[in-house]
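Student: Fold the following.
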Amino acid sequence: MALIGTVPRRCVNLPPGSLRTLLSTITSGTVLKGAAVDEFYHRFGTWVGAPYVFGTGSGRSAFQLALEALGLPKGAEIIFPVLTFPVIPLVAKILGYQPVFCDVDPVTFNSGPEHIEPKITDRTGAILATHLFGQPCPIKQIVELARQHDIRVMEDCAHACGVRIDGQPAGTFGDIGVFSFAEGKNMPCFGGGAIVTADENIATRAQAVLADTELPDMKQTVQHAASIWLMWLLTRPLVFGLTVYPALRLKLLLGQPLMDSKVGNDLLDEFASRRPEIRRFTNLQAAIGLLQLEHVDTFNDGARNNAQALTDQLGQVDGIGVPSCEGSDHIYVYYPLTIDPDKRDALRHHLLKYGIDSKNTDMANCTRLKLFQTAQSQNQPEPMTEASLLEVCVYPVIPRKRMGEIARAIREFAKA
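Tutor: Below you'll find the predicted structure:
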């Protein structure tokens, strides 16, 4: 059993000095409030290229803030890609909007104008243009389509923090860009999220919404930050190999689930009973964000290089698809392999035996989830299924040499 050189399914990316920052904000009493918030807004806005930035306690809260800041009439339809993180359209539904789902490209997993336009009606208020897995969608064409119909555009940049499209940062093409700083993303800030906009009216409404929100609980904030720092430690390849990996191998031997988080209907059942609330961005999160801004571009470059190495060394493998990056600035927050759903678990188990953990995607085909079921969705053709997607980590903390070993393990499985 490989213990050294293992690959976690997801490596938490915290910048140097994160633990020191956590401890210093605790001792100085600045965990919740402090000067770092405004400084982060300024520096993040400069980096992204947006005049207005507003932080929240989570990416989900950021999406809610974006919706409320748009000021759409209740009951308006919002077009989502059918393959997405299902909590996001659920938030829209709970807040009184009608999610409408459009198809996605089977290679990029993103929606383009050709998928969105057939779903536009006179009730459409907004489009959520999503840059899934870190690959930009055709946002320029989507915005042009939206302008023709006088529809708002929100950009879901949860996977695309640092993506540039013809030199322009993702999140600045539509009316609002929505970012997530959760532990599984490329720029985690002990949780958190943000929206950016160049629209003064949207900014005014966002500021008014935030003025009515309360600061989070101090104890819970510190506990959450400490848990994410522990996740960072456990996802260092060496530590992972000596701690979590043996537990995963034992679970595999016993036929038990592999420490997977809730997805699909189970995830929505847990969330649907709670009224979504916007949480404030804390001074601690902002302080970590300032550290992240010093490193995130280098981190993204490292992930790109590892992903390219894996793609090159894999080559053409029968029955297994790799991410497409033709003509785009893909930052590979996740590297999804596409395989026959009946073979996904077998590939996952095969990789684990070689010290390579992997993850079933959190994304879901929303038309198959019970909270979004309609008579129309039941009669639609079958779109891309999430059961065909297996994510592997290509973050730069993993040595380049290991990319070749991952490629060989995948090719071995395909030959078998």
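Student: ok, residue 85 - contacts?
Tutor: For residue 85, the contact set (C-beta atoms under 8 Å, 6 or more residues apart in numbering) comprises 158, 362, 363, 364. All C-beta spots, glycine's among them, are computed from the backbone N, C-alpha and C.
Student: Isn't residue 65 up against residue 207?
Tutor: No: contact criterion C-beta atoms under 8 Å: residue 65 and residue 207 do not qualify, at 10.2 Å.
Student: When those two are compared, which one has more neighbours?
Tutor: Counting neighbours by other C-beta atoms under 10 Å for residue 65 and for residue 207 shows that residue 65 has the greater number, 25 against 12.
Student: Not including adjacent chain positions, what is the nearest residue to residue 149?
Tutor: Computed as C-beta to C-beta, 6 or more residues apart in numbering, the closest residue to residue 149 that is not its neighbour in sequence is residue 120, at 5.6 Å.
Student: OK, contacts around the one you found?
Tutor: Residues in contact with residue 120 (C-beta under 8 Å, 6+ apart) are 79, 145, 149, 151.
Student: contacting residues around the closest residue to the last one other than its chain neighbours?
Tutor: Counting by C-beta to C-beta, 6+ apart, residue 151 lies nearest to residue 124, which is 5.5 Å off, once chain neighbours are set aside. Contact criterion C-beta under 8 Å, 6+ apart gives 76, 77, 78, 79, 100, 149, 151 as the residues in contact with residue 124.
Student: Repeat that for residue 112.
Tutor: Residues 105, 137, 138, 141, 142 are the ones in contact with residue 112 under the rule C-beta under 8 Å, 6+ apart.
Student: helix or strand for the last one, which one?
Tutor: Think residue 142. According to DSSP states H and E, residue 142 maps onto helix 139-148.
Student: So which residues lie in contact with that helix, not counting its own?
Tutor: 111-113, 116-117, 120, 127, 129, 131, 152-153, 155, 165-166, 170, 173-174.
Student: number of nearby residues for the closest residue to residue 37 other than its chain neighbours?
Tutor: The shortest distance from residue 37 to any residue that is not its chain neighbour, by C-beta to C-beta, 6+ apart, is 4.4 Å, and that residue is residue 286. When neighbours are defined as other C-beta under 10 Å, residue 286 has 24 of them.
Student: Okay, and residue 286 sits in which element?
Tutor: Secondary-structure element containing residue 286, defined by DSSP H and E: helix 283-293.
Student: on contacts alone, who are the packing partners of that helix?
Tutor: In this structure, helix 283-293 packs against helix 18-28, helix 36-48, strand 52-56, with contacts taken as 3 or more C-beta pairs under 8 Å, 6 or more residues apart in numbering; DSSP states H and E.
Student: hmm, 10 Å instead?
Tutor: helix 18-28, helix 36-48, strand 52-56, strand 193-197, helix 218-234 (3 or more C-beta pairs under 10 Å, 6 or more residues apart in numbering; DSSP states H and E).
Student: And these: which comes nearest residue 339?
Tutor: Evaluated with C-beta to C-beta, those place helix 218-234 nearest to residue 339, the distance being 27.2 Å.
Student: Between helix 18-28 and that closest one, find me the angle.
Tutor: Angle, helix 218-234 to helix 18-28, by axes from the mean of the first three to the mean of the last three C-alpha atoms, to 10 degrees: 160 degrees.
Student: For helix 218-234, list every residue counted as buried.
Tutor: Of the residues in helix 218-234, 221, 222, 224, 225, 228, 229, 231, 232 count as buried by neighbour count, 16 or more other C-beta atoms under 10 Å.
Student: centre of the chain versus stretch 182-196, how much separation?
Tutor: Here the centre of mass of C-alpha atoms in stretch 182-196, compared against the chain's by C-alpha atoms, centre = their mean, to the nearest Å, lies 9 Å away.
Student: Heading C-terminal from the longest helix along the chain, find the next helix or strand.
Tutor: What stands out as the longest helix in the chain, according to DSSP state H, is helix 296-314. Once helix 296-314 ends, the next helix or strand along the chain (criterion: DSSP H and E) is strand 320-321.
Student: And that next one, what does it pack against?
Tutor: Partner elements for strand 320-321 (3+ C-beta pairs under 10 Å, 6+ apart): strand 335-339, helix 400-415.
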